[in-house]
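In: Dropping the sequence and predicted coords here.
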Amino acid sequence: MKGKVALITGSAKGLGKMTALSLADQGCHIALNYVHSRTEAEALRAQITAKGVRCIAIQADISKVEDIASLVGQVEDKLGSIDILVNNAGPFVRERRLFADYAEDEVQMLVQGNLLGPMLLDQRVLPEMRRKQWGRIIHFGFSHAGEARSWPHRAVYAAAKVGLVSFTKTLAVEEAPYGITVNMVCPGDIRGANKEKTIDEMAGITDEETPRGRPGSGEDIARVITYLCLDHSDFITGNIMDVSGGLDPIRPTIQREDT
């Protein structure tokens, strides 16, 4: 992957940050993306540049169509055409809420950010990937997204990601003849500071909810993405990969809320 250009959305912090560091260690030039976390993005840019690769940080909101065009244009101007696209960013409403209680603008924001945004980003990078006969596209889902199960209190987010599952599989088939792979990585319940920790840092810590017995880390996700981006991983495409330690976080039943 040395010399490849990788764009990771939502990469100032968390899983996106760990992915950016991992790809930089493989010799990729990195385009970071953030919306509000400018300070963190600039600090990460300096850290990655110290590894001997080029790195830029660009502010853009992938839930806005105009920002998508600007983001890709700036990366191409400053680093060259995009070889690896990691669609990490995606809005999420943490408050548990029934679908009936969502505002219309929230529904539109969640679908735009988690489904339409990645689709439009993919469309922007495909022509150059096709020209080079090489490309890697990674989408983010959630554990068991490939089963299209119910997820109470997460109806809109889940619907957008499950739509992205079908798109992942379809795009993988369409682009395979051009040397482009498309896969989805589905993180388990990796929380807070653990998103920026290594596997070694999780060793010896007990998590009774996860069958594996330890909490997940950002490295667990980043190492899978890095593997999928290797040259010799070209036979792996159209896959929906759970990286969850065996945990099933979805509770398919709820209690009635009387008003």
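Out: In hand now; what should we look at? Residues are numbered from 1 along each chain as shown.
In: CA only for contacts and neighbour counts going forward, please
Out: Will do.
In: can you pull out the strands in the protein?
Out: With DSSP state E, the ranges of strands along the chain come out as 5-8, 29-34, 55-59, 84-87, 135-140, 180-187, 240-243.
In: how close does Gln123 sit to Leu116?
Out: Relative to Leu116, Gln123 is positioned 10 Å away (Cα to Cα, to the nearest Å).
In: Those two: which is more packed in?
Out: Leu116 (21 against 10; other Cα atoms under 10 Å).
In: what about the closest residue to Asp220 other than its chain neighbours, how many residues close to it?
Out: Spatial nearest neighbour of Asp220, excluding adjacent residues (Cα to Cα, 6 or more residues apart in numbering): Ile199 at 6.6 Å. Ile199 has 14 neighbours, counted by other Cα under 10 Å.
In: I'd like to know which helix or strand in the protein has the lowest mean pLDDT.
Out: Every helix and strand of the chain was ranked by mean pLDDT, DSSP states H and E. The lowest is helix 199-202, at a mean of 90.
In: and that one, what other elements does it pack with?
Out: helix 218-228 (3 or more Cα pairs under 8 Å, 6 or more residues apart in numbering; DSSP states H and E).
In: Now do the helix it packs on against strand 180-187, angle only.
Out: If you take axes from the mean of the first three to the mean of the last three Cα atoms, to 10 degrees, helix 218-228 sits at 160 degrees to strand 180-187.
In: Provide a list of residues in contact with the residue lying closest to Pro187 once chain neighbours are set aside.
Out: Once flanking residues are discounted, Pro187 sits nearest to Val243: 5.0 Å by Cα to Cα, 6+ apart. Shown in contact with Val243 (Cα atoms under 8 Å, 6 or more residues apart in numbering): 143, 185-188, 220-221.
In: wait, which of those residues is closest to His153?
Out: Comparing those against His153 with Cα to Cα picks out Ser143 as the nearest, at 15.5 Å.
In: That closest one: neighbour count?
Out: Ser143: 22 neighbours (other Cα under 10 Å).
In: So it sits against Gly188, correct?
Out: Yes: Ser143 sits in contact with Gly188 when judged by Cα atoms under 8 Å, with a separation of 5.7 Å.
In: Between these two, which contacts overlap?
Out: 242-244, 248-249.
In: Give me the lowest-pLDDT entry from those.
Out: In terms of pLDDT, the lowest of the shared contacts of Ser143 and Gly188 is Pro249, showing 70.
In: gap between that one and His29?
Out: Distance of Pro249 to His29, given as Cα to Cα: 35 Å.
In: Settle it for me: which of the two has more neighbours?
Out: His29 (29 against 15).
In: Run a quick check on the more buried one versus Ala20, I expect a contact.
Out: No: contact criterion Cα under 8 Å: His29 and Ala20 do not qualify, at 9.3 Å.
In: Give the residue spans of this protein that score low on pLDDT.
Out: The chain contains residues with pLDDT under 70 at 251-259.
In: For Ile221, see how far away the residue most central in space within it is.
Out: Nearest to the mean C-alpha position of the chain, by Cα atoms, centre = their mean, lies Asn88 at 2.2 Å. Separation of Asn88 from Ile221 (Cα to Cα): 11 Å.
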